[in-house]
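In: Sharing a model that was predicted from the sequence below.
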Protein chains: 2
Amino acid sequence: MKSPSYHHGNLRAVLLDLAEQRLAAQGHENLSLRDLALAAKVAASAPYRHFSSREALLCELAQRGFERLGAAYAAAGVAPDPQSRLRAACRAYFDFAAREPQMFRLMFMTDLVMRANKTQNLRIGIDSFETLEGLLRATMPGATPLAVRSRMLVLWSLLHGAAVLLQEGQVDHLLLPGLGLADVLEDILARASGS
Amino acid sequence: MKSPSYHHGNLRAVLLDLAEQRLAAQGHENLSLRDLALAAKVAASAPYRHFSSREALLCELAQRGFERLGAAYAAAGVAPDPQSRLRAACRAYFDFAAREPQMFRLMFMTDLVMRANKTQNLRIGIDSFETLEGLLRATMPGATPLAVRSRMLVLWSLLHGAAVLLQEGQVDHLLLPGLGLADVLEDILARASGS
DNA sequence: ACCTGAACACCGTTCAAGT
DNA sequence: ACCTGAACACCGTTCAAGT
């Protein structure tokens, strides 16, 4: 309760919190500013004092997501050796996609990121890439930057592809007796972080 | 010109063609039925004689995409040995994502596919998976179905992840002097279709 | 500075009515 | 059978006006 305006307090934060609920519940495509305003008991035009557009609000939401993903990476950094730190980070990526599927989708809505990049916004997405690359580099002592980058692009593709497919539930009907979700995950983790 | 109705002909096909243009130009999120109707010089409600909803039209559009992808796979089938047939199919997947990015995005809008699956629609997406798995199996003579499926899920993740990242233009700023787009592509193709 | 109210230009969808 | 016209319930966004 910092500077409660005459109506009901810090509308900005309230809107962002509401937006995050709506996002998790229904996905970014069904998030409406008017609905947010209604829920916050405020006029339909009030959000425009705090966000220049619906898209701007979505960008800030995505930023929250990248921050949480960054935190998950940081938590993965406590593993003992480089190899398992990388593996833990990859697992964190999967977990994130599984636990917050709608946020994950929002974060990789690239048209949004592109437009936001111009306004200096979501370079946190790039940080996320660099963090992972740092962890990978630590497992490749003596490798040239080019070799690291090359392998990073493979890792990133594999990781992202698997996360997308898992999060979308496309993998479920492809499992076999003797090939469970855990097996698939371990296999992909091994190929992503392994030799 | 099959059964030209009293107004101007087969509205259904006209709408689908217009929709495909709009899709390529602006993406599925900016495709409006009303706009389509306007462009076809027809009332806003007319499309509903041919499509039960906007989503139904989008589904049919996605189906066209899967058919084209299937044709591209078929063309890849002419390569001499199993190994290069698989590789050609993977390349076809990348090419498709690059040449028709908006269609590619539409095809993997999974909420759509899920809802459509209930109405027996897009099992063509599954066919696409199975085609690729068939090509992979041919490169693994004597392998158990489980081993094939397991490797297929890795291949599919890598392929899909790379296609998504390429199509979104996220790879461009990650290239280095001496590491061009072609190199990245070849590397990923080798890992996807190779041993 | 922050919010309201009314308005503008859009949507998807429905439904009675026309031909 | 196929289309129109008008309507309903929504949108994002703008802008003058209030406090």
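Out: Yes, it's here.

In: State the pLDDT value of the residue of chain A found nearest chain B.
Out: Closest approach between chain A and chain B, counting by Cβ to the nearest Cβ: residue A:161, at 2.5 Å. No exception for glycine: its C-beta is placed from N, CA and C like everyone else's. Here, the pLDDT recorded for residue A:161 equals 94.

In: Test my guess that it contacts residue B:153.
Out: No - contact criterion Cβ atoms under 8 Å: residue A:161 and residue B:153 do not qualify, at 9.9 Å.

In: ok, residues contacting the strand or helix carrying residue A:15?
Out: Assignment of secondary structure by DSSP states H and E places residue A:15 within helix A:11-26. Identification of contacts with helix A:11-26 by Cβ atoms under 8 Å, 6 or more residues apart in numbering or on different chains yields A:5, A:8, A:30-31, A:35-37, A:39-40, A:42, A:46-47, A:49-51, A:57, A:60-61, A:64, A:100, A:102-103, A:106.

In: Now do the domain split for chain A, please.
Out: What the record gives for chain A is the domain set A:1-51, A:53-193, from automatic domain parsing.

In: so which of these is the most packed in?
Out: Burial of the domains of chain A is given as mean neighbour count (mean count of other Cβ atoms under 10 Å in any protein chain shown); domain A:53-193 ranks first at a mean of 18.

In: which ones are touching residue A:125?
Out: A:66, A:107, A:113.

In: Up against DNA strand D, what does chain A have?
Out: Residues of chain A lying near DNA strand D by Cβ under 7 Å from any atom of the strand: A:6, A:31-35, A:44-45, A:48, A:52-55.

In: Which member of these is positioned nearest residue A:76?
Out: Of all these, residue A:76 sits closest to residue A:31, with 30.0 Å by Cβ to Cβ.

In: And for the closest one, nearest residue in space, chain neighbours not counted?
Out: The spatial neighbour of residue A:31 that comes closest, neighbours along the chain excluded (Cβ to Cβ, 6 or more residues apart in numbering or on different chains), is residue A:22 at 4.9 Å.

In: need the helix or strand of chain A with the lowest average pLDDT.
Out: helix A:110-118 (a mean of 70; mean pLDDT, DSSP states H and E).

In: how close does the residue of chain A found nearest DNA strand D get to residue A:11?
Out: Residue of chain A nearest DNA strand D, by Cβ to the nearest atom of the strand: residue A:45 (3.0 Å). Separation of residue A:45 from residue A:11 (Cβ to Cβ, to the nearest Å): 12 Å.

In: Ok, residue A:33 next?
Out: Taken as Cβ to Cβ, the span from residue A:33 to residue A:11 is 12 Å.

In: what do these two both touch?
Out: With Cβ under 8 Å, 6+ apart as the test, residue A:33 and residue A:11 both reach residue A:47.

In: low-confidence ranges in chain A?
Out: A:1-8, A:114, A:117-124, A:195 (pLDDT under 70).

In: What residues does it have near chain B?
Out: A:27, A:29, A:108, A:110-111, A:114, A:129, A:145-146, A:149-150, A:152-154, A:156-162, A:164-165, A:168-171, A:174, A:176, A:178-179, A:183-184, A:187-188, A:191 (Cβ under 8 Å from any Cβ of the partner chain).

In: Mind checking which of the residues you listed are in helices?
Out: A:110-111, A:114, A:129, A:145-146, A:149-150, A:152-154, A:156-162, A:164-165, A:183-184, A:187-188, A:191 (DSSP state H).
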